[in-house]
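1. Dropping the sequence and predicted coords here.
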Protein chains: 2
Amino acid sequence: MPKADELGISPTEQPSSVERAAAWLREKIYDGDFTPGQRLIEAELTETISVGRSTIREAIRRLTAEGLIETRHHYGARVRRFTRSDVSSIYQVRQVIEGLAVRLTTHQLNDDGKATLQKLSEDLSGAKTKGDIKRYIELNGDLHDFFVEASGNPFISEIAARLNTRILRLQFKQVFDLDNIAISHADHRAILNAVLGGDAYDAELLMRAHIGRSQQQIESYDDSFFQ
Amino acid sequence: MPKADELGISPTEQPSSVERAAAWLREKIYDGDFTPGQRLIEAELTETISVGRSTIREAIRRLTAEGLIETRHHYGARVRRFTRSDVSSIYQVRQVIEGLAVRLTTHQLNDDGKATLQKLSEDLSGAKTKGDIKRYIELNGDLHDFFVEASGNPFISEIAARLNTRILRLQFKQVFDLDNIAISHADHRAILNAVLGGDAYDAELLMRAHIGRSQQQIESYDDSFFQ
DNA sequence: CGCGGCAATATTGTCTGACAATCATGAGGG
DNA sequence: CCCTCATGATTGTCAGACAATATTGCCGCG
């Protein structure tokens, strides 16, 4: 009796129809082709991407679980809308979750991780001095993702993915100017120093404060950003 | 053109087949009729509770999203298993999430909330002096749930539900003795004092430490509790 | 003229049946 | 004893159908 492999990695793992449908939908939402509040009709989607209705329904359910879509009984699915209050709640959670992530990361950072951080640090400085705002926002995302992944806690990854997913649309709109980058960059340098110096608790507090500042900035935005 | 009501409460809202199936499955898992690692065959379930396969599949997907079930492509659904590492990760997250919850609650506690807490506090003391361990565990759950709900942050509720759901089986097994209760009760009293006294930050730190102690206790358990 | 109730319609929820895809298992060969 | 391959069981996806229900526009009433 050969025992089943418990390694968790399946041999082939090629994307199923549902995964493709879900990816397609996710892309459309990220790109803004489906806007918040817009209704998603199963019949339309089935013929647009040529899959059965069960496939579409399953894809919709997955995105619902991810928090990108909301559904109502016998009415259907809509692209999720985020209120000001939602955004505040999300940032409150991000503060403590990413704070935890950076603390855990500090405790178990290996040489590879250190090298990655050093490089990220240099890239951030480079983007700042060149005034490349778009690039800076991108690297900022990479930095946050790094801590989340390097924390080694799968639940942190899961939660962060959900929160970031939910807010990605807003992050995209985030209007960083050079002043904001200067503040943000000071935060990043302090956090990186604490992490590389092994001051886990400091790093946690700094991350919380950093995300708190992002929150204040976003909360100061005009209503048109929230709709 | 009468505008659609955006109140979020649907008129009838009677449980659908899927909801009933999901509830049935959830109950079975909680009660231990389906044990961790056990396989869930769609065909069997279909005839057991007399619903179509689509309904069962949808119910399975919901419980998967809740974290009670794990699925593998073309192999199917199994009741989820939690490793020692999972439990540690969950408690790490619980520390910061419930810490945040208690801090937010402190900031916006009204008279009703205060009364509820006072009552919980008395009941906890009563259960402790009477040595009613089962009752104490129950009230302990109520206390944690109270903070999560009273925080007013829906994402905290969502995350806590997922974590508690996932670990409920383990909590159930948790072997509290009177010594543990004494320690736990001291924590609870301190937390309640901080909350009622308006010391939000103290309350947060105390909650983190409290959950940390629970974590240590659970992590000291024998392997037989995990598998 | 505005408001509330009612029927028509569109869409979802669920069922049945079917077939292909694929994983785990067990037999057979090296 | 280990590796390879065919087999069977189960899931993934599709199509078609019908019932349930929420939304919408219409109608009559105040």
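-> Yep, that arrived. Numbering: from 1, shown residues only, chains lettered A, B, ... in the order given.
2. Near A:Leu139, how many other residues are there?
-> 20 (other C-beta atoms under 10 Å in any protein chain shown). All C-beta atoms are positioned from the backbone trio N, CA, C, and that covers glycine.
3. Kindly report the same for A:Ser54.
-> By other C-beta under 10 Å, 16 other residues sit near A:Ser54.
4. Which helix or strand lies directly C-terminal to the least confident helix or strand in chain A by mean pLDDT?
-> Between all helices and strands in chain A, the lowest mean by mean pLDDT, DSSP states H and E belongs to helix A:154-173, at a mean of 81. Per DSSP states H and E, the first helix or strand lying C-terminal to helix A:154-173 is helix A:178-196.
5. Could you pull out the buried residues of the helix or strand encompassing A:Glu47?
-> According to DSSP H and E, A:Glu47 maps onto helix A:42-49. Across helix A:42-49, burial judged by 16 or more other C-beta atoms under 10 Å in any protein chain shown covers A:Leu45, A:Thr46.
6. ok so A:Gly37 is a helix residue?
-> No. Counting by DSSP: H, G, I helix; E, B strand; the rest coil, A:Gly37 is not part of a helix but coil.
7. Could you pull up phi and psi at the residue nearest to it when sequence neighbours are not counted?
-> Nearest residue to A:Gly37, sequence neighbours excluded (C-beta to C-beta, 6 or more residues apart in numbering or on different chains): A:Arg81, at 5.3 Å. Backbone torsions of A:Arg81, given as degrees, to the nearest 10, read phi -110, psi 140.
8. gap between the residue most central in space within chain A and A:Arg189?
-> With distances taken as C-alpha atoms, centre = their mean, A:Asn164 lies nearest the centre of chain A, 2.6 Å away. Distance of A:Asn164 to A:Arg189, computed by C-beta to C-beta, to the nearest Å: 23 Å.
9. re the thing from before, tally of neighbours for the residue nearest to A:Gly37?
-> By other C-beta under 10 Å, the residues close to A:Arg81 number 14.
10. cool, A:Glu219 as well?
-> Using other C-beta under 10 Å, A:Glu219 has 12 neighbouring residues.
11. likewise A:Gly126?
-> Neighbours around A:Gly126, by other C-beta under 10 Å: 13.
12. Which strands or helices does the helix or strand hosting it pack on?
-> Using DSSP H and E, A:Gly126 falls within helix A:111-130. Counting by 3 or more C-beta pairs under 8 Å, 6 or more residues apart in numbering or on different chains; DSSP states H and E, the packing neighbours recorded for helix A:111-130 are helix A:133-150, helix A:178-196.
13. Report the closest residue of chain A relative to DNA strand C.
-> A:Gly76 (3.1 Å; C-beta to the nearest atom of the strand).
14. What sits closest to that residue if chain neighbours are left out?
-> A:Arg39 (6.2 Å).
15. Quick check: the gap between the one you found and A:Glu158.
-> 28 Å.
16. Okay, buried residues for the lengthiest helix in chain A please.
-> The longest helix of chain A (DSSP state H) is helix A:84-107. Within helix A:84-107, the residues that qualify as buried are A:86-87, A:89-106, counting by 16+ other C-beta under 10 Å.
17. do stretch A:21-41 as well
-> A:Ala21, A:Ala22, A:Leu25, A:Arg26, A:Lys28, A:Ile29, A:Phe34, A:Pro36, A:Leu40.
18. okay, the angle between the helix or strand hosting the fourth one and helix A:42-49?
-> When you say that, I think you mean A:Arg26. Taking DSSP H and E as the criterion, A:Arg26 maps to helix A:17-31. Between helix A:17-31 and helix A:42-49, the angle comes out at 100 degrees (axes from the mean of the first three to the mean of the last three C-alpha atoms, to 10 degrees).
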